[in-house]
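[1] got a sequence here, can you build the structure:
(one chain, ligands or ions: 1)
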Amino acid sequence: EKQGFRHFMLKEIHEQPSVVRTCLEVYFNPDWQRKSTKPVNLNLSSELTDDLENIQIVACGTSWHASLVGKYLLEQIAEIPTFVQYASEYRYSPSPIMANTMTIGVTQSGETADTLAALGMERQRRSRLDKPYRPRIVGISNRPESTLGGMVDQLINTYAGIEIGVAATKTFVAQVMAFYVLALDLAWQRKTISPERIDQILAGLLQLPTQIEKILQTEEGKIEDLAHNFPETRDFVFLGRGINFPIALEGALKLKEISYIHAEGYPAGEMKHGPIALLDAHVPVVAIAMGGSVYEKVISNAQEAKARDARLIGIVPQSYDDEVFHDILNVPEVEELLSPILAVIPLQLLSYYIASLRGLDVDQPRNLAKSVTVE
Ligand code: F6R
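    Here you go, the predicted structure:
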């Protein structure tokens, strides 16, 4: 069942090209322009999308990170103000009720207690008003048959296939893909981007599966070698900006949960406001420098870290100037909007190989369960 891989996590990392391919096949309409139909087959009911003004998202853990990428896409492509909340926080201090708001619960298992409770609370408090607001509750999940599936007005299935490793990998990528689908659907409905731009984004998305395959082919051996350098390392810092800030958080979470190394994900520009005090030769820094609007800024933030003797690992597109880094993990060059799905792959592999070299139980890390049904 592990199909020759040492762990389920590694198998699931390698399944990601096919997960993205499935999403593209299920949801995208490749010749939408010629047939003058929608670019995306999501079939969201108009009850959910008419007069929509805001989106709020509730999630936990890795699903919360996928939601932060989703916020970027929904705001930048579809121009809808989007708020991402930890489900466990939202339940006890919800924002004031806003009209015309869609609430999305993102949970791969569909069973996370806090996420389900936050959605249930949202439906209730909307219906209790004198003039009730339509709840518009949507779920994004890998398990349509879950409890979540039964409580939402519409479910977006992520089709990643069952994930056994406790650390989420392919389900994260599938959730991010679901947000591309949703953002493009809403952008098309609201005409916030041109058909040419939709074409361009679709063409880019269609390249992702082969680009992920390429990373797995060219970087995996390098990452395994690199992982040998950290037998005693106790702390790691991950830096990213813009759409890749959530990827820095995700890289840090993966490392923490399976290798038990303390790791922090930070928006690169925030380093100098405190955390830079942590840095010295014993704290490696991983900088996600994927090109686009924030590239120069990330490089200069990385330089600041290097000046504190930190070992600097760069996630960088091929062909970019990368002299600042001690170690380079290359990914294919893509536009910024599409970069998170590529940037996360080397980070998953890095945490996998560091944990596996430490002889840890990668698929069943201590203290963790695959779905968290306690509050
Ligand atoms: C991280 C991880 C957890 C889950 C979180 C939410 O690898 O697995 O952080 O992402 O417990 O789980 P779901 O998505 O099932 O709600």
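
[2] show me the contacts for the one residue in the stretch 251-375 of the chain that gets nearest to the ligand.
    With Cβ to the nearest ligand atom, the shortest gap between the stretch 251-375 of the chain and the ligand falls at residue 372, namely 4.7 Å. (C-beta placed from N, C-alpha, C; glycine too.) Counting by Cβ atoms under 8 Å, 6 or more residues apart in numbering, residue 372 makes contact with 60, 61, 112, 113, 114.

[3] by neighbour count, which of the residues you listed wins?
    residue 112 (29 neighbours; other Cβ atoms under 10 Å).

[4] quick one: that residue and residue 371 touch, right?
    Yes: using Cβ atoms under 8 Å, residue 112 makes contact with residue 371 at a distance of 6.3 Å.

[5] show the contacting residues for whatever residue of the stretch 1-150 of the chain ends up closest to the ligand.
    Closest residue of the stretch 1-150 of the chain to the ligand, Cβ to the nearest ligand atom: residue 61 (2.0 Å). Counting by Cβ under 8 Å, 6+ apart, residue 61 touches 168, 253, 372.

[6] recalculate using a threshold of 7 Å.
    Taking Cβ atoms under 7 Å, 6 or more residues apart in numbering, we find residue 61 in contact with residue 253.

[7] do residue 71 as well
    57, 82, 84.

[8] just to revisit the earlier point, so of the contacts of residue 372, which ones are in helices?
    61, 113, 114 (DSSP state H).

[9] could I get those residues as a markdown table with pLDDT?
    Output for the ones in helices among the contacts of residue 372, formatted as a markdown table (pLDDT from 0 to 100):
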| residue | pLDDT |
| --- | --- |
| 61 | 97 |
| 113 | 97 |
| 114 | 97 |
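
[10] pLDDT wise, what is residue 317 at?
    Per-residue pLDDT puts residue 317 at 93.

[11] I should have written residue 30 there, sorry.
    So residue 30 comes in at 76 (pLDDT).

[12] ditto for residue 307
    At residue 307, pLDDT is 89.

[13] what sits against the residue nearest to residue 335 when sequence neighbours are not counted?
    Spatial nearest neighbour of residue 335, excluding adjacent residues (Cβ to Cβ, 6 or more residues apart in numbering): residue 204 at 6.0 Å. Going by Cβ under 7 Å, 6+ apart, residue 204 touches 334, 335, 338.

[14] quick check: residue 204 is in a strand.
    No: the assignment for residue 204, made by DSSP: H, G, I helix; E, B strand; the rest coil, is helix rather than a strand.

[15] wait, which of the ones in helices among the contacts of residue 372 is closest to residue 313?
    Residue 313 has its nearest neighbour among those in residue 61, at 23.7 Å by Cβ to Cβ.

[16] rewinding a little: now, of the contacts of residue 204, which are buried?
    334, 338 (16 or more other Cβ atoms under 10 Å).

[17] pretty sure residue 91 contacts residue 117?
    Yes: if you go by Cβ atoms under 7 Å, residue 91 and residue 117 touch, sitting 5.6 Å apart.

[18] compare the two and say which one has the larger neighbour count.
    residue 91 (20 against 17).

[19] and the residue lying closest to residue 2 once chain neighbours are set aside, how far is that from residue 203?
    Nearest residue to residue 2, sequence neighbours excluded (Cβ to Cβ, 6+ apart): residue 11, at 5.5 Å. Separation of residue 11 from residue 203 (Cβ to Cβ, to the nearest Å): 29 Å.

[20] and if you look at residue 216?
    22 Å.

[21] okay, the two: which has more neighbours?
    In terms of neighbours (other Cβ under 10 Å), residue 216 is the more surrounded of residue 216 and residue 203; the figures are 17 against 11.

[22] not counting residues beside it along the chain, what's closest to the spatially most central residue of the chain?
    With distances taken as Cα atoms, centre = their mean, residue 66 lies nearest the centre of the chain, 3.1 Å away. Sequence neighbours aside, residue 175 is the residue nearest to residue 66 in space, at 3.7 Å (criterion: Cβ to Cβ, 6+ apart).

[23] my guess is that neighbour meets residue 104, correct?
    No: applying Cβ under 7 Å as the test, residue 175 and residue 104 come out as separate, 10.6 Å apart.

[24] what do these two both touch?
    Common neighbours of residue 175 and residue 104 (Cβ under 7 Å, 6+ apart) are residue 140.

[25] just checking, what packs against the worst-scoring helix or strand of the chain on mean pLDDT?
    Every helix and strand of the chain was ranked by mean pLDDT, DSSP states H and E. The lowest is helix 295-306, at a mean of 89. When contacts are defined as 3 or more Cβ pairs under 7 Å, 6 or more residues apart in numbering; DSSP states H and E, helix 295-306 sits against strand 235-240, strand 285-288, strand 312-317.

[26] what residues does the stretch 101-250 of the chain put near the ligand?
    Neighbours of the ligand within the stretch 101-250 of the chain, by Cβ under 6 Å from any ligand atom: 107, 108, 109, 112, 115, 166, 167, 168.

[27] and stretch 357-372, which residues are buried?
    362, 363, 364, 365, 372.

[28] need the contact list for the nearest residue to the third one once chain neighbours are set aside.
    The spatial neighbour of residue 364 that comes closest, neighbours along the chain excluded (Cβ to Cβ, 6+ apart), is residue 166 at 6.1 Å. When contacts are counted by Cβ under 7 Å, 6+ apart, residue 166 touches 363, 364, 365, 368, 370.

[29] now do the SS call for residue 166.
    coil.

[30] send the alpha carbons of the strand or helix carrying residue 56 over as CSV?
    Assigned by DSSP states H and E, residue 56 falls within strand 54-59. Taking C-alpha atoms only, strand 54-59 is exported to CSV below (Å, rounded to 0.1, in the frame of the first residue of the first chain):
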residue,chain,number,x,y,z
ASN,A,54,-17.4,39.3,2.0
ILE,A,55,-16.0,35.9,2.6
GLN,A,56,-14.9,34.6,6.0
ILE,A,57,-13.0,31.4,6.3
VAL,A,58,-12.6,29.2,9.4
ALA,A,59,-10.1,26.4,9.7
